[in-house]
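>>> when you get a sec, could you give me coordinates for this:
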Amino acid sequence: MGIGFLICGEGDLNLKLLLEKLKKYYDFDIFYLTGGPKTNSSFIKEDLVDEISLIIYPGIQGGRKK
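Below is the predicted model:
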């Protein structure tokens with residue numbers, strides 16, 4: 001089916017090894033992480049984040065009466 005996979009660690013996921021293998025096998029120079037808070041904080045805790053882009057926009061929540 002042409003589905004690629006990487007094994008990165010024997011127990012927990014080794015994020016550094018994951019990025020090294022992505023670079024080696026798929027020649028990634030830039031990796032955009034668009035995960036949730038748990039995923040993002042895992043990469044930050046491992047010191048694997050070079051840059052953070054934060055987008056803020058105004059939003060209104062509520063029904064028609066508000």
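>>> show me the contact partners of the longest helix along the chain.
Longest helix in the chain by number of residues (criterion: DSSP state H): helix 15-26. Here helix 15-26 makes contact (CB atoms under 8 Å, 6 or more residues apart in numbering) with 4, 6, 8-9, 28-29, 31, 42-43, 46, 48. All C-beta atoms are positioned from the backbone trio N, CA, C, and that covers glycine.
>>> now do that helix: distance to the chain's middle.
Offset of helix 15-26 from its chain centre (CA atoms, centre = their mean, to the nearest Å): 13 Å.
>>> send me it as CSV with only the CA atoms.
Provided in CSV are the C-alpha atoms of helix 15-26 (Å, rounded to 0.1, in the frame of the first residue of the first chain):
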residue,chain,number,x,y,z
LEU,A,15,11.2,12.5,19.6
LYS,A,16,14.9,13.3,18.8
LEU,A,17,15.3,10.0,17.0
LEU,A,18,12.0,10.6,15.1
LEU,A,19,13.3,13.9,13.8
GLU,A,20,16.7,12.4,12.9
LYS,A,21,15.0,9.6,10.9
LEU,A,22,12.6,12.0,9.1
LYS,A,23,15.7,14.0,8.0
LYS,A,24,17.7,10.9,7.0
TYR,A,25,14.9,9.0,5.2
TYR,A,26,12.7,11.7,3.9
